[in-house]
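Colleague: Sequence first, then the predicted structure, then my questions.
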Amino acid sequence: MATVILVRHGRTTANATGLLAGRTPGVLLDQIGRDQAVVTGERLAAVPLVGVVSSPLERCRETAQHIIDRQSGTLLTPIDDELSECDYGDWQGRTLQDLSAEKLWSVVQTQPSAVTFPNGEAMAAMQARSVAAIRRLDAAFEAEHGPGAVWVAVSHGDIIKSILADAFGMHLDLFQRINVGPASVSIVRYGSSRPTVHATNTDAGDLSWLAASAPTADTPVGGGAGHQAPHASRA
C-alpha cells in the first residue's frame, strides 16, 4: 500500500490575527509559517517522495514548495482543487471572535455533519470530496510507483481533520476532537480492508523510516515491532 503524508500549510497572516481566511486569495505564510514549512521540508528530506499534491490556495502552494525544494529526485507536483479549503460562504473573511457569537457556531463544534455554511459548502460535502480525492490520488500513486510509494498532500486544517476522521472510522460529528496544527505532519496508509493511521499532528521527529520497504497489508497481532528507531549521533 502507498503512504500519504498529510501536511497542513504553515501559519498565515490570517491565522495570526484570528481571521477565517477560507478561500480568500492572497493569504500568505507569515515569517513563523515560513519557518514552520522549512522545518517540515527538512523532516521530509529523508523520504524519497513520488509526489507533492497541493490545494490551489497560495498558503498551501508556498508550504508545498518548501517540501519540493528539499527533495533530490524528480516528483509530480500537481494542484488539486478537491483539496482546497472548505467554502465557508458568508463566514469567509470574518473574525473567529465575531463568528463565535453566531448560532451556527455551536453546531459547527458539536454536530458539523448538520452544517451548511450560509451561501457556502456543507461540511459533510467537504469531507466527501476531500476523502475521495485522497483515495483517488493514493490509488494512482500506488498504481504508478508500487506499494512503497510515499506522497504528500498539502491542505487545510478542516480538510485534514475530516480525512483523518474518515481514516479513524469516526463520525464527522467527532472530528473536532482531532487537532491539526500549522505545518504538522499526519500519516495514513490505505489498505484493501481499512486505512491505518500512523501519526497525527506531529511537528518534530525522524521520518526516515518511511523510506523503508513497502509495509504489509495486515496489522501484526499484539502491535508488532514497529519501525526502526533513528541511529543516535556519535561524537
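Modeller: Arrived safely, thanks for sending. Residues are numbered from 1 along each chain as shown.
Colleague: okay, CA-based contacts and neighbour counts for the rest of this
Modeller: Fine.
Colleague: which stretches of this structure have low pLDDT?
Modeller: Applying pLDDT under 70 to the chain flags the ranges 213-235.
Colleague: Mind doing that once more with 50?
Modeller: 232-235 (pLDDT under 50).
Colleague: Against Val39, how distant is Leu99?
Modeller: Applying C-alpha to C-alpha, to the nearest Å, the value for Leu99 to Val39 is 32 Å.
Colleague: quick one: which of the two has more around it?
Modeller: Just comparing Leu99 and Val39: by other C-alpha atoms under 10 Å the higher neighbour count belongs to Val39, 18 against 15.
Colleague: which one's the longest helix in this protein?
Modeller: Counting residues, the longest helix in the chain under DSSP state H turns out to be helix 123-145.
Colleague: by contact count, what packs against it?
Modeller: strand 150-155, helix 157-168 (3 or more C-alpha pairs under 8 Å, 6 or more residues apart in numbering; DSSP states H and E).
Colleague: Surely Val197 is in a strand?
Modeller: Yes. Counting by DSSP: H, G, I helix; E, B strand; the rest coil, Val197 is found in a strand.
Colleague: Show me what the residue nearest to it when sequence neighbours are not counted bridges to in the sheet.
Modeller: Excluding its sequence neighbours, the residue lying closest to Val197 (C-alpha to C-alpha, 6 or more residues apart in numbering) is Val188, at 4.5 Å. Val188 has these beta-bridge partners by DSSP bridges: Val4, Val197.
Colleague: about what we covered before: and of the helices and strands packed on helix 123-145, who's closest to Ala21?
Modeller: Evaluated with C-alpha to C-alpha, the helices and strands packed on helix 123-145 place helix 157-168 nearest to Ala21, the distance being 11.8 Å.
Colleague: Let me know the angle separating the closest one from helix 123-145.
Modeller: Orientation of helix 157-168 against helix 123-145 (axes from the mean of the first three to the mean of the last three C-alpha atoms, to 10 degrees) gives an angle of 70 degrees.
Colleague: Would you indicate which residues of helix 157-168 are buried?
Modeller: Neighbour counts using 16 or more other C-alpha atoms under 10 Å place 157-167 of helix 157-168 among the buried residues.
Colleague: What helix or strand is Pro147 located in?
Modeller: Using DSSP states H and E, Pro147 sits in no helix or strand.
Colleague: Tell me the spacing between it and Gly89.
Modeller: In terms of C-alpha to C-alpha, Pro147 sits 39 Å off from Gly89.
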